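**Student:** Give me coordinates for this.
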Amino acid sequence: MADNYKFRAGDGTTQTRKAKDTGGGVYANFDISMDASGNVAPSGDVIARSKFVAPGDGTNPFLSGSAANLAAQSSVNAQLVTEPGQWAATHGPAVNVKATCNQAAGGAGVRNVCQAVSINLAGDSTAPAATVLTVNLRDGATGAGTILMTWTIAIPATAGAFSTINLSGLNIPGTAATAMTLEFTAAGGAHTFESVSMSGTTCV
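**Tutor:** Predicted coordinates:
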């Protein structure tokens, strides 16, 4: 078979095939397995090695996070990375109403992953009774499913009292095809306000 194909480097320049390595039937430039006659076109037996594969942005090759590259203190060869878009759920009901927010179940095999929560308990301009409440992150709908995390939050019998729990950097996965819920277990009583919010992403 004639050589009717070309090899190109990362910058698009055509590469020239060199002599075959007699030890393993591998061409020095391309590292491609060939048959005994040396004329088989590249296929699934191509071996990718860092010497021959250099992904980049068209100008700069991307570098690994090795100690040497980090010591260079340069972002020239770094690839920008961003997290996937997040879902968010929130609920801030009227006075003396239980707060509960919910992220609906994903499709088959899709899990909700909670990455941040915000929990707030406040008294209004009239002093409430001293209040201690529990908040649950559930792998399931409101009042059901496994409790993944639990928090206790309280306010004193003081007008305008306020207490908050804010956590980020979490990575709490739920069960596939299952809703996720963040909720107080009960309303706080007269002159109290509750609110809950959570955000996260999905994975398979």
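**Student:** Show me the shaky parts of the protein.
**Tutor:** Along the chain, the parts satisfying pLDDT under 70 run over 1-54.
**Student:** Just want the most central residue of it.
**Tutor:** Glu83 (5.6 Å; Cα atoms, centre = their mean).
**Student:** which secondary structure element contains the residue nearest to that one when sequence neighbours are not counted?
**Tutor:** Counting by Cβ to Cβ, 6 or more residues apart in numbering, Glu83 lies nearest to Thr201, which is 6.9 Å off, once chain neighbours are set aside. The way it works is simple: take the backbone N, C-alpha and C, and place the C-beta from them, glycine included. Counting by DSSP states H and E, the element that carries Thr201 is strand 192-203.
**Student:** sorry, back to before: check the spacing between the residue nearest to the centre of the chain and Cys203 real quick.
**Tutor:** According to Cβ to Cβ, to the nearest Å, Glu83 and Cys203 sit 11 Å apart.
**Student:** and stretch 174-187, which residues are buried?
**Tutor:** Neighbour-count burial for stretch 174-187 flags Gly174, Ala176, Thr178, Ala179, Met180, Thr181, Leu182, Glu183, Phe184, Ala187 (criterion: 16 or more other Cβ atoms under 10 Å).
**Student:** mind listing what's buried in the strand holding Thr201?
**Tutor:** For strand 192-203, a neighbour-count test (16+ other Cβ under 10 Å) marks Thr192, Phe193, Glu194, Ser195, Val196, Ser197, Met198, Ser199, Gly200, Thr201, Thr202 as buried.
**Student:** now the strands for this structure?
**Tutor:** 7-8, 14-15, 20-21, 26-27, 87-91, 100-103, 111-123, 131-139, 146-155, 162-173, 180-184, 192-203 (DSSP state E).
**Student:** coming back round to it: sheet partners, orientation included, of the strand holding Thr201?
**Tutor:** strand 87-91 (antiparallel), strand 111-123 (antiparallel) (DSSP bridges).
**Student:** most neighbours per residue, which of the ones you listed?
**Tutor:** The highest average neighbour count among these, using mean count of other Cβ atoms under 10 Å, belongs to strand 111-123 at a mean of 21.
**Student:** quick one: that one to chain centroid distance?
**Tutor:** Relative to its parent chain, strand 111-123 has a centroid offset of 17 Å by Cα atoms, centre = their mean, to the nearest Å.
**Student:** Go ahead and confirm Leu63 touches Ala71.
**Tutor:** No: Leu63 lies out of contact with Ala71 (Cβ atoms under 8 Å); the separation is 11.7 Å.
**Student:** So for the two, which sits in the more crowded spot?
**Tutor:** Leu63 (17 against 8; other Cβ atoms under 10 Å).
**Student:** who's in contact with the more buried one?
**Tutor:** If you count contacts by Cβ atoms under 8 Å, 6 or more residues apart in numbering, Leu63 has them with Asn69, Asn77, Ala78.
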